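Participant: predicted structure and sequence below. I'll ask about it afterward.
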Amino acid sequence: MTKTIIKPAKGAPAVGPYNHAVRVGDLLFCAGQIPIDPATGQLVPGDIKEQTRRVLENVKCILDDQGLAFANVVKSTVFLTNLADFAGMNEIYSQYFTSDFPARSTIQVAALPRAASVEIEVIAHF
């Protein structure tokens with residue numbers, strides 16, 4: 001199968017040596033997104049809700065670039081630096097994933113790039 005590198009023009013800049021997403025066959029593997037504002041390249045200020053919203057807007061940018069929607073996501077992984085933020089993250093998450101929910105894992109981690117509070121990665125199906 002062919003591996004296609006995805007770099008959306010409107011995407012937040014990568015903070016390391018990786019691509020926004022890679023398509024293989026009918027699957028799109030999206031790199032974990034942190035709350036980077038694409039306009040400034042900086043981490044958005046604010047609480048877990050504001051950071052989760054920016055993360056999911058970054059995910060949406062990748063999906064939109066490929067003609068996909070959140071309904072195409074089959075698996076998501078949420079990384080939180082504080083599992084006590086789960087309810088706030090979940091409140092915003094449920095505004096983007098509204099039906100046919102993907103399988104999901106949520107993991108507490110010691111730290112994330114740029115001191116972000118949340119990172120989300122997804123796998124979508126065409």
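Facilitator: That came through, no problem.
Participant: which residues in the protein form strands?
Facilitator: In the chain, the strands defined using DSSP state E lie at 3-6, 21-24, 27-30, 73-80, 103-108, 118-125.
Participant: most packed of the ones you listed?
Facilitator: Greatest average neighbour count among these goes to strand 118-125 (a mean of 22), per mean count of other CB atoms under 10 Å. Where C-beta positions appear, they are placed from N, C-alpha and C, glycine not excepted.
Participant: send the alpha carbons of it over as PDB?
Facilitator: Included here for strand 118-125 are C-alpha records, laid out as PDB according to Å, rounded to 0.1, in the frame of the first residue of the first chain:
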ATOM      1  CA  VAL A 118      -4.200  17.800  26.600                       C
ATOM      2  CA  GLU A 119      -3.200  16.000  23.400                       C
ATOM      3  CA  ILE A 120      -5.500  14.000  21.100                       C
ATOM      4  CA  GLU A 121      -4.700  11.700  18.300                       C
ATOM      5  CA  VAL A 122      -7.200  10.000  16.000                       C
ATOM      6  CA  ILE A 123      -7.400   7.300  13.300                       C
ATOM      7  CA  ALA A 124     -10.100   7.900  10.700                       C
ATOM      8  CA  HIS A 125     -11.600   5.800   7.900                       C
END
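Participant: which residues are contacting that strand?
Facilitator: Outside of strand 118-125, the residues within contact range by CB atoms under 8 Å, 6 or more residues apart in numbering are 26-35, 48, 51-52, 55-56, 59, 63, 66, 68, 72-81, 85, 89, 102, 112-113.
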